[in-house]
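>>> Predicted model and sequence below, questions to follow.
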Amino acid sequence: MYLPDISEQWGVLVTEVRQMVKDHKLIAFRRGANRSLQVPAAFIDGPGLTKHLAPTLTLLQDAKFTDEEIIEWLFTEDETLPGSPIQALQENRGTEVKRRAQAMLI
């Protein structure tokens, strides 16, 4: 999703969404011909972030994952969940995902 679309959906200024990206509370990447910032749609749930996404991002950032590695980890199938970590977050199984992310800090 483009940042202006997120700001419209959430009813906030686009600068607030940009600040979330700058503060690493939300991950965005440049994509497309005009290289505009986009956020994976799976990160957005109605009026806010997908539940448990923010603490999961923090754990992975503390484990020194880059933004690209975080996105790859979140969207990679994990047969022990089952499904991908982002699917588990969307299904309100955040505790399981955060346990796996914490294990990477060791």
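Arrived safely.
>>> isn't residue 63 right up against residue 100?
No: Residue 63 lies out of contact with residue 100 (C-beta atoms under 8 Å); the separation is 10.7 Å. Bear in mind the C-beta positions are built from the backbone N, C-alpha and C, glycine included.
>>> helices and strands of the chain: which one has the lowest mean pLDDT?
When the helices and strands of the chain are scored by mean pLDDT, DSSP states H and E, strand 29-31 comes last with a mean of 89.
>>> List the contacts of stretch 16-34.
Residues from elsewhere that reach stretch 16-34, judged by C-beta atoms under 8 Å, 6 or more residues apart in numbering: 3, 6-7, 10, 36-40, 43, 49, 54, 57, 61, 67-68, 70-71.
>>> and those residues, which are buried?
Burial by neighbour count, 16 or more other C-beta atoms under 10 Å: within the contacts of stretch 16-34 this picks out 3, 6-7, 10, 37-40, 43, 49, 54, 57, 61, 70-71.
>>> one step back: give the partner strands of the least confident helix or strand of the chain in its sheet and their orientations.
Strand 29-31 has the following sheet partners, assigned by DSSP bridges: strand 36-38 (antiparallel).
>>> Could you pull up the mean pLDDT of the partner strand?
Across strand 36-38, pLDDT averages out at 92.
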